[in-house]
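1. Have a look at this fold, sequence not included:
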């Protein structure tokens, strides 16, 4: 991969100041996957991949873009898992290990966003899912993960990386009727990498989604209620260094929508 970025702006995005920059990056990206099927209903796999991500354009959207000399983010990812499909049940599980280098991070300094390379981060964890189908259009599922995302220098969980996730739900589709009720959980995470204040620990939160639909043939109608239980918990915190207060982001609360679909 060769990635080149040129900016020649009379008025840069957000700052409205002149900007002229040039940068180019190169990276080789190998990928390997191995699959083995010992029996018809069971499969094993292992994967390796190298990743590369150029700095986002937003690193230049501040009053002194020269301060944002971030390098591309690179990664080496390893994953191994197993998949089983039976007559009514399907199961999959895997473990993963990802070494990140030059991880992008940002912070507010006197109201200006400054990007920097965080250094090395090791992501590792285990995840899995089970689905059971009853054979009459009804199925239930549950999945979850335990995740570690730690800075290799401080050994602390990095910001915006939940320690776990989970979801469960009921799915139904038979004839013209379809129905689903899914609840998603995002585990504990931190707003800062240093875990400097207890207030920057963000507790886990749930989001439930209810969907009901009916297909009349030429037309179909579908209603959806997001955040069914009207949760308004904190999901993220923008930390500001200076006179500007921290900015808190919350779940938006219950939202309902109705869609009319035409088939042609």
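-> Structure's in. What do you need? Just so it is clear, the model here is predicted, and its values are computed rather than measured. Numbering: from 1, shown residues only.
2. Spit out the contact partners of residue 235.
-> By C-beta atoms under 8 Å, 6 or more residues apart in numbering, the contact set of residue 235 is 186, 202, 205, 249-251. (Each C-beta comes from the backbone N, C-alpha and C, glycine too.)
3. if you skip the residues just before and after it, what's nearest to residue 169?
-> residue 182 (3.5 Å; C-beta to C-beta, 6 or more residues apart in numbering).
4. I'd assumed the one you found was in a helix, is it?
-> No. Counting by DSSP: H, G, I helix; E, B strand; the rest coil, residue 182 is not part of a helix but strand.
5. what bridges to it?
-> residue 169, residue 209 (DSSP bridges).
6. Please verify my assumption that it contacts residue 168.
-> Yes. Using C-beta atoms under 8 Å, residue 182 is in contact with residue 168, at 7.4 Å.
7. re earlier: now do the residue nearest to residue 169 against residue 194, distance only.
-> The gap separating residue 182 from residue 194 is 35 Å, by C-beta to C-beta, to the nearest Å.
8. same check, this time on residue 229
-> Counting by C-beta to C-beta, the separation of residue 229 from residue 194 is 33 Å.
9. what kind of secondary structure is the residue lying closest to residue 220 once chain neighbours are set aside in?
-> Spatial nearest neighbour of residue 220, chain neighbours left out: residue 261 (4.3 Å); criterion: C-beta to C-beta, 6+ apart. For residue 261, the assignment made with three-state DSSP gives strand.
10. Tell me how far residue 261 lies from residue 203.
-> Residue 261 sits 38 Å away from residue 203 when distances are taken as C-beta to C-beta.
11. For the residue positioned nearest the centre of the chain, which three-state class applies?
-> Closest to where the C-alpha atoms of the chain average out (C-alpha atoms, centre = their mean) is residue 161, at 8.9 Å. For residue 161, the assignment made with three-state DSSP gives coil.
12. Could you do residue 253 as well?
-> Per three-state DSSP, residue 253 ends up coil.
13. per-residue pLDDT, it?
-> Residue 253 is assigned a pLDDT of 93 by the prediction.
14. do the one 3 residues further on as well
-> Reading off the confidence values, residue 256 has pLDDT 96.
15. same check, this time on residue 11
-> Note for residue 11: predicted pLDDT of 78.
16. That one: neighbour count?
-> 10 (other C-beta atoms under 10 Å).
17. cool, the one 5 residues further on as well?
-> Residue neighbour count, defined by other C-beta under 10 Å, stands at 10 for residue 16.
18. before we move on, what about residue 197?
-> Counted by other C-beta under 10 Å, the residues lying close to residue 197 total 12.
19. Same question for the one 5 residues further on.
-> Residues contacting residue 202 under the criterion other C-beta under 10 Å number 22.
20. Surely it touches residue 237?
-> Yes. Here residue 202 lies in contact with residue 237, judged by C-beta under 8 Å, at a distance of 6.8 Å.
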